[in-house]
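A.B. asks: Quick one, fold the following:
(3 chains)
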Amino acid sequence: MFRILPRDQEFFLMFEKAAQNILDGAERLKDLLDNFDNLKERARAIEEIEHKGDTITHDIVRKLNTTFITPIEREDILALASAIDDVIDLIHAAATRITLYKLTESTPQAKELGFLILKSVRELDRGISHLSKKMDNVYDHCVEVNSLENEADRVCRDAIAFLFDNEKDPIMILKWKEIYETLETATDRCEDAANVLEGVALKNA
Amino acid sequence: MFRILPRDQEFFLMFEKAAQNILDGAERLKDLLDNFDNLKERARAIEEIEHKGDTITHDIVRKLNTTFITPIEREDILALASAIDDVIDLIHAAATRITLYKLTESTPQAKELGFLILKSVRELDRGISHLSKKMDNVYDHCVEVNSLENEADRVCRDAIAFLFDNEKDPIMILKWKEIYETLETATDRCEDAANVLEGVALKNA
Amino acid sequence: MFRILPRDQEFFLMFEKAAQNILDGAERLKDLLDNFDNLKERARAIEEIEHKGDTITHDIVRKLNTTFITPIEREDILALASAIDDVIDLIHAAATRITLYKLTESTPQAKELGFLILKSVRELDRGISHLSKKMDNVYDHCVEVNSLENEADRVCRDAIAFLFDNEKDPIMILKWKEIYETLETATDRCEDAANVLEGVALKNA
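C.D. replies: Below is the predicted model of the structure:
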């Protein structure tokens, strides 16, 4: 009575592209935080990556709205696309704020957070690349993203406490506090993406 | 075996009412930011609009929970109602903070953000009014809301950078930074509403 | 043709456990805010409760992903678990910030917010305990949570206005403003949980 439609594998390719894109953004953000030079050019390059991300997200949502049978649940596709989009938005927001706020020196905590974001995004990228192949392999990467988020949370909290203890200029506190929180929120959104991935893997186990 | 139930058009009327309500709020917020006088009365009038919005949202949710067949998908109804409710909450929050923080003068950037909110809400209102008529016409208004959000984002970032460059009092920075961010977030929620609308239009294309 | 599967009541037990856990956290937060002594030990005890909450949430999500027929809708289970998890995260965040920011004295507004959180969580706990019994009784507790959130919102706004009027040190303003907002957000998440509960009750009326 019903014919089984071939499940549309193109979604997986689109997510791999989205993951590659945030990986590119996370690498550049880490470089920016480590080197803290040519800030405007570096921020502009990250802005381009963010625009590319917008296009990828838009393509996924459009495809979702015009596809009847999807290889994974519709709400998971939407939640995953939206979390990945948030990650690159936050990477971009951190880079932009650093240039706009005319900061001239990095901090050890900012570098650490940049590295944690890169590690989270790498795990996400690996998890996503297993979606279309071996769902079982997705799980370990998700656990790793969760533990990186916990670490980023701790680093961010300590960075803000350090700021309150050592920085006397309230305006500098305001600026760095916001940048630390923006960086930390990027790992929160990686965790959101990982939670969706984990759910998808479990449902298909 | 099944009888096709008449699709309940009342949801569209309720959304038009909700859109009219945030339009009323956005107009009053723009007036407040432009004139910056009688702040308490102006904020109180916006508070009443916010309460009216709560009632409309509550009616939509209640109707949703007791309706079996809906004209558009349940989660879209919920997401749209919730985004519209957030818009009026943020308009109200901005107005309240301005009075509570005892600010005495507006800024060009606040006026610009107020105007961008009004323009976004106007586009939303037009998009929503096409929901029950010609779905094709919804799309253009959604694109416009997206581009207004990008502009508000840029204005807000520049406003905060200007604040850091020109305002020496950290307490004034704190106050205005929060108000700019609250205004900008109102356009984010307009964009959320527009994204739901766009999805609805695509699914019914 | 189909056999009606027994609906899985275990979800209700898991939610009762989650509600008991945030009740424990809210009681300890109120004590911390009232007494403002032994801050580190008090914060550490709340951290343990937060970890326990993580485990409970994880168990609910895992059970959801491996259960075919659920006693209430899947998205309601997810939204409720997630809102409850946010409540304990925010209780924990408030406690941690108080210790990290080296605050030495409580404020009347912080105590009031702590009491409002406890009252909201108590209502949530009662509402949840009725889920598996008499759905009709759920409703009143949800209304109460909504009204407590409105009150917390007012207390928080006034607390920040008071801070701006009376505290001259911008760093103290920054610290307390964030703590007040964290406390207030805990009542927002209680309201989110109550809204899910109300929807569940209506759908099963």
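A.B. asks: Mind telling me what element the spatially most central residue of chain A is part of?
C.D. replies: Among the residues of chain A, the one closest to the centroid is A:V87, at 3.1 Å (Cα atoms, centre = their mean). A:V87 belongs to helix A:74-100 when assigned by DSSP states H and E.
A.B. asks: likewise A:I72?
C.D. replies: Applying DSSP H and E, one finds A:I72 in no helix or strand.
A.B. asks: Now do the contacts for it.
C.D. replies: By Cβ atoms under 8 Å, 6 or more residues apart in numbering or on different chains, A:I72 lies in contact with A:11, A:131, A:200, A:203-204. (C-beta placed from N, C-alpha, C; glycine too.)
A.B. asks: and chain C, which of these reach it?
C.D. replies: Restricting those to those adjacent to chain C (criterion: Cβ under 8 Å from any Cβ of the partner chain) gives A:K203.
A.B. asks: Can you lay out the contacts of A:I72 as JSON lines showing pLDDT and secondary structure?
C.D. replies: Shown next, in JSON lines, are these (pLDDT from 0 to 100; DSSP: H, G, I helix; E, B strand; the rest coil):
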{"residue": "A:F11", "pLDDT": "92", "secondary structure": "helix"}
{"residue": "A:L131", "pLDDT": "87", "secondary structure": "coil"}
{"residue": "A:V200", "pLDDT": "87", "secondary structure": "helix"}
{"residue": "A:K203", "pLDDT": "79", "secondary structure": "helix"}
{"residue": "A:N204", "pLDDT": "78", "secondary structure": "coil"}
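A.B. asks: just the contacts of A:I72 now: which is nearest chain B?
C.D. replies: A:F11 (16.0 Å; Cβ to the nearest Cβ).
A.B. asks: Is A:K102 part of a helix or strand, or is it coil?
C.D. replies: coil (DSSP: H, G, I helix; E, B strand; the rest coil).
A.B. asks: pretty sure A:E144 contacts A:E123?
C.D. replies: Yes - using Cβ atoms under 8 Å, A:E144 is in contact with A:E123, at 4.5 Å.
A.B. asks: the more surrounded of the two?
C.D. replies: Ranked by neighbour count (other Cβ atoms under 10 Å in any protein chain shown), A:E144 and A:E123 place A:E123 first, with 22 against 18.
A.B. asks: State the distance from that one to chain B.
C.D. replies: Look at A:E123 and chain B: by Cβ to the nearest Cβ, to the nearest Å, they are 28 Å apart.
A.B. asks: Quick check: that residue touching A:A193?
C.D. replies: No - in this structure, A:E123 is not within contact of A:A193 by Cβ under 8 Å, at 10.0 Å.
A.B. asks: Mind pulling the model confidence for A:I72?
C.D. replies: With respect to pLDDT, A:I72 scores 88.
A.B. asks: contacting residues for A:T55?
C.D. replies: Residues near A:T55 by Cβ under 8 Å, 6+ apart: none.
A.B. asks: which SS class is it?
C.D. replies: helix.
A.B. asks: got the residues of chain A near chain B?
C.D. replies: Residues of chain A found near chain B (Cβ under 8 Å from any Cβ) are A:61-62, A:65-66, A:75, A:96-97, A:100-102, A:170-171, A:174-175.
A.B. asks: please redo it, this time with the cut-off set to 6 Å
C.D. replies: Residues of chain A that fall close to chain B, judged by Cβ under 6 Å from any Cβ of the partner chain: A:65, A:100-101, A:170-171.
A.B. asks: Max pairwise distance over those residues: which two?
C.D. replies: For the residues of chain A next to chain B, the farthest-apart pair by Cβ to Cβ is A:N65 and A:P170; their separation is 47.2 Å.
A.B. asks: neighbour-wise, which of those two wins?
C.D. replies: Neighbour count, other Cβ under 10 Å: between A:N65 and A:P170, A:P170 has more, with 20 against 17.
A.B. asks: can I assume that one is in contact with B:P170?
C.D. replies: Yes - taking contacts as Cβ atoms under 6 Å, A:P170 lies within contact range of B:P170: 4.0 Å.
A.B. asks: ok, which stretches of chain A are helices?
C.D. replies: Counting by DSSP state H, one finds helices in chain A at the ranges A:10-35, A:39-65, A:74-100, A:108-130, A:138-166, A:170-203.
A.B. asks: For B:D153, which of these is the nearest?
C.D. replies: Closest to B:D153 of the helices of chain A, according to Cβ to Cβ: helix A:74-100, at 9.2 Å.
A.B. asks: What is the closest one packed up against?
C.D. replies: Helices and strands touching helix A:74-100, as assessed by 3 or more Cβ pairs under 6 Å, 6 or more residues apart in numbering or on different chains; DSSP states H and E, comprise helix A:10-35, helix A:39-65, helix A:170-203.
A.B. asks: next one: it to chain centre, how far?
C.D. replies: Here the centre of helix A:74-100 is set off from its chain's centre by 6 Å, with Cα atoms, centre = their mean, to the nearest Å.
A.B. asks: Kindly report the same for stretch A:10-20.
C.D. replies: Relative to its parent chain, stretch A:10-20 has a centroid offset of 14 Å by Cα atoms, centre = their mean.
A.B. asks: contact partners of that stretch?
C.D. replies: A:56, A:60, A:71, A:84, A:124-125, A:128-129, A:131-132 (Cβ atoms under 6 Å, 6 or more residues apart in numbering or on different chains).
A.B. asks: Same check on stretch A:128-143?
C.D. replies: Contacts of stretch A:128-143 (Cβ under 6 Å, 6+ apart): A:12, A:15-16, A:19, A:123, A:126-127, A:194, A:197-198, A:201, A:204.
A.B. asks: tell me, how many neighbours does A:N38 end up with?
C.D. replies: 12.
A.B. asks: any weak-confidence spans in chain A?
C.D. replies: Within chain A, the segments meeting pLDDT under 70 span A:1-8.
A.B. asks: Swap in 90 and give it another go.
C.D. replies: For chain A, the stretches with pLDDT under 90 are A:1-10, A:58, A:61-62, A:64-75, A:131-139, A:198-205.
A.B. asks: Name the residues of it found near chain C, please.
C.D. replies: By the rule Cβ under 6 Å from any Cβ, the part of chain A lying against chain C is A:161, A:164, A:170, A:199, A:202-203.
A.B. asks: For A:K111, state which of the residues you listed is nearest.
C.D. replies: The nearest member of the residues of chain A next to chain C to A:K111, counting by Cβ to Cβ, is A:A161 at 17.6 Å.
A.B. asks: and that closest one, what is it in contact with?
C.D. replies: Each residue near A:A161 by Cβ under 6 Å, 6+ apart is listed here: C:L100.
A.B. asks: that older thread, between the helices of chain A, which gets nearest to B:A152?
C.D. replies: B:A152 sits nearest to helix A:74-100 of all those, at 14.1 Å, using Cβ to Cβ.
A.B. asks: buried stuff in the closest one?
C.D. replies: Across helix A:74-100, burial judged by 16 or more other Cβ atoms under 10 Å in any protein chain shown covers A:76-100.
A.B. asks: Now do the contacts for the residue nearest to A:D192 when sequence neighbours are not counted.
C.D. replies: When the adjacent residues along the chain are set aside, A:D192 lies closest to A:A83, with 4.1 Å between them (Cβ to Cβ, 6 or more residues apart in numbering or on different chains). Counting by Cβ under 6 Å, 6+ apart, A:A83 makes contact with A:189, A:192-193.
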